[in-house]
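Engineer: kindly generate the corresponding structure for this input.
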Amino acid sequence: MPIDPLTVCITSGKGGVGKTSLTVNLAMSIIKQGKKVLIIDGDLGLANVDLFIGLTPKLSLRDVVQHGYDPKDCLSFPRKGLGVLPAASGVPEMVSLGPKEQQRLEGYFSRIFKSFDVILIDTAAGIGMSVIWFNTFVRNNLIVITPEPTSITDAYALIKVLSKKFKRTHFQIVVNMAENDKESKIVFGQFKKVAENFLGVNLEYIGGLNVNPIVSKAVRKQQPFFESAPQTGISNSLKKIAFKIMALANEPQIKIA
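Structural biologist: Predicted coordinates:
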């Protein structure tokens, strides 16, 4: 098993941009490459990774934090090679974990990370305490944006906080819900120019997923579209993003104690 797994935080400034769908389908694509993937549902107050994959967990991160459960006992394995550490929904006190709870979770995570090749953390949206913590705990920060101005403005705010206060300088960007590839690249180009000029960061475009009814149908069925429609254009686009994510493993990773 890897000593230093690839760690990626998938986040956004605004909600509703499709980051949970991206996280789950990325995981499905990566396990097809023969890798073991762990998804951590980092939306600690409004968790929904389980819904996207048709999972009914008995235990969650709430049980780890509030009741002292071993996180290994809270893991679910809905697919071969895929582990899920679910969070709780409708539990507001989980959103603002203090330093002691964060430190304890970091210790737990460090132990279970060693059993996986890739760690994908799906955070809440915005610049809340848990979002920032997850983004600074991992090596790679993937920001999901859409062509909507509010999505871009809020993503800019998130990158500003991570770069100015926590010295993060490199971000991977996925443009979701564009009408076509051309719009996706235009949106990224405009965002990159503003962010790099005013924040001094480096943004890397790793792909786009265009608007497609397959996605909403898959969500309703609680089945990843990469499984239900593997030969479609959007699944092929997802594969390209997954390969670029895996290429990050060639870069120095955080040392997991």
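Engineer: which stretches of this protein form strands?
Structural biologist: Using DSSP state E, the strands of the chain run over 6-12, 37-42, 76-79, 82-85, 118-125, 140-145, 170-178, 202-210.
Engineer: export those to JSON lines and tack on mean neighbour count and mean pLDDT?
Structural biologist: C-betas here are computed from N, CA, C, even on glycine. Converted to JSON lines, the strands of the chain look like this (neighbours: other C-beta atoms under 10 Å; pLDDT from 0 to 100):
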{"stretch": "strand 6-12", "mean neighbour count": "26", "mean pLDDT": "97"}
{"stretch": "strand 37-42", "mean neighbour count": "26", "mean pLDDT": "95"}
{"stretch": "strand 76-79", "mean neighbour count": "16", "mean pLDDT": "94"}
{"stretch": "strand 82-85", "mean neighbour count": "22", "mean pLDDT": "95"}
{"stretch": "strand 118-125", "mean neighbour count": "25", "mean pLDDT": "95"}
{"stretch": "strand 140-145", "mean neighbour count": "26", "mean pLDDT": "98"}
{"stretch": "strand 170-178", "mean neighbour count": "22", "mean pLDDT": "98"}
{"stretch": "strand 202-210", "mean neighbour count": "19", "mean pLDDT": "97"}
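Engineer: reformat these as CSV; add distance to residue 55.
Structural biologist: Listed next are these as CSV, based on distance: least, C-beta to C-beta, whole Å:
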stretch, distance to residue 55
strand 6-12, 18
strand 37-42, 10
strand 76-79, 5
strand 82-85, 6
strand 118-125, 13
strand 140-145, 22
strand 170-178, 23
strand 202-210, 22
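Engineer: ok, which of the ones you listed comes nearest residue 64?
Structural biologist: strand 82-85 (8.5 Å; C-beta to C-beta).
Engineer: distance from the chain centre to that closest one, please.
Structural biologist: 13 Å (C-alpha atoms, centre = their mean, to the nearest Å).
Engineer: what is that strand packed up against?
Structural biologist: Counting contacts by 3 or more C-beta pairs under 8 Å, 6 or more residues apart in numbering; DSSP states H and E, strand 82-85 packs against helix 19-31, strand 37-42, strand 76-79.
Engineer: please identify which of the ones you listed is closest to residue 238.
Structural biologist: Of all the helices and strands packed on strand 82-85, helix 19-31 comes closest under C-beta to C-beta, at 5.4 Å.
Engineer: pull the residues that contact that closest one.
Structural biologist: Helix 19-31 has contacts (C-beta atoms under 8 Å, 6 or more residues apart in numbering) with 10-12, 37, 39, 43, 48-49, 52-53, 79-82, 118, 120, 122-123, 125, 144, 174, 176, 209, 215, 218-219, 224-227, 235, 238-239, 241-242, 245-246.
Engineer: can you do 7 Å?
Structural biologist: 10-12, 37, 39, 48-49, 52-53, 79, 81-82, 118, 120, 122, 144, 174, 176, 215, 219, 224-227, 238-239, 241-242, 245-246 (C-beta atoms under 7 Å, 6 or more residues apart in numbering).
Engineer: repeat for stretch 110-123
Structural biologist: 1-3, 5-11, 19-20, 23, 26-27, 30, 35-43, 49, 71-72, 83, 130-131, 134-135, 138, 256-257.
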